[in-house]
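1. The following comprises the amino acid sequence and a computationally predicted model.
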Amino acid sequence: MDDETPEVIRAADDAYEAIRSINHLTITQIHPAPTVYSVLGNLKGLGHMLPQACTQLAKSLGRSLDEYDVYEDDGSDPIQSVAAATDHLTRAAQLAAELGAELEKAQSAISRQGYRDTPLP
């Protein structure tokens, strides 16, 4: 990416890299409930905010048809692909809301758990 990369693309890349880092940090490391609780707190926020991002991206796509000379490489009508993308983004928003709710339930399930920093015998 360079200085001309739109900020929204850089933000999405940052989100991707953050999740990628979590994936790498949880491959072999063991994390007790208080740590996982904090991670889940941030991830549930992601799940709760993704629906808004999906909805706003869909609206932005629709508005782009009025603001730009949008075309399809194959000559088909871009309204159709925007409508299809909007349908998928609407479904993604619904699933993200469910994801946020499930992450919140997982966080709640371990909310009272602690640990002793001594190895088991």
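-> Cool, the structure landed.

2. Asn42 versus the nearest residue to Leu40 once chain neighbours are set aside, what's the distance?
-> Among residues not flanking Leu40 along the chain, Gln107 sits closest, at 3.9 Å (Cβ to Cβ, 6 or more residues apart in numbering). (C-beta placed from N, C-alpha, C; glycine too.) As judged by Cβ to Cβ, to the nearest Å, Gln107 and Asn42 stand 10 Å apart.

3. tell me the contacts of Ile79?
-> Neighbouring residues of Ile79 by Cβ atoms under 8 Å, 6 or more residues apart in numbering: Leu65.

4. Which parts of the protein are helices?
-> Secondary structure of the chain (DSSP state H): helices at 7-25, 33-67, 78-109.

5. Compile those helices into JSON lines and extend it with columns for mean pLDDT.
-> Below are the helices of the chain laid out as JSON lines (pLDDT from 0 to 100):
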{"stretch": "helix 7-25", "mean pLDDT": "96"}
{"stretch": "helix 33-67", "mean pLDDT": "97"}
{"stretch": "helix 78-109", "mean pLDDT": "98"}
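
6. How many residues are close by the residue nearest to Leu40?
-> 19 (other Cβ atoms under 10 Å).

7. Asp2 too?
-> Asp2 sits with 4 neighbouring residues when counted by other Cβ under 10 Å.

8. Distance check, it against Ala12.
-> With distances taken as Cβ to Cβ, Asp2 is found 16 Å from Ala12.
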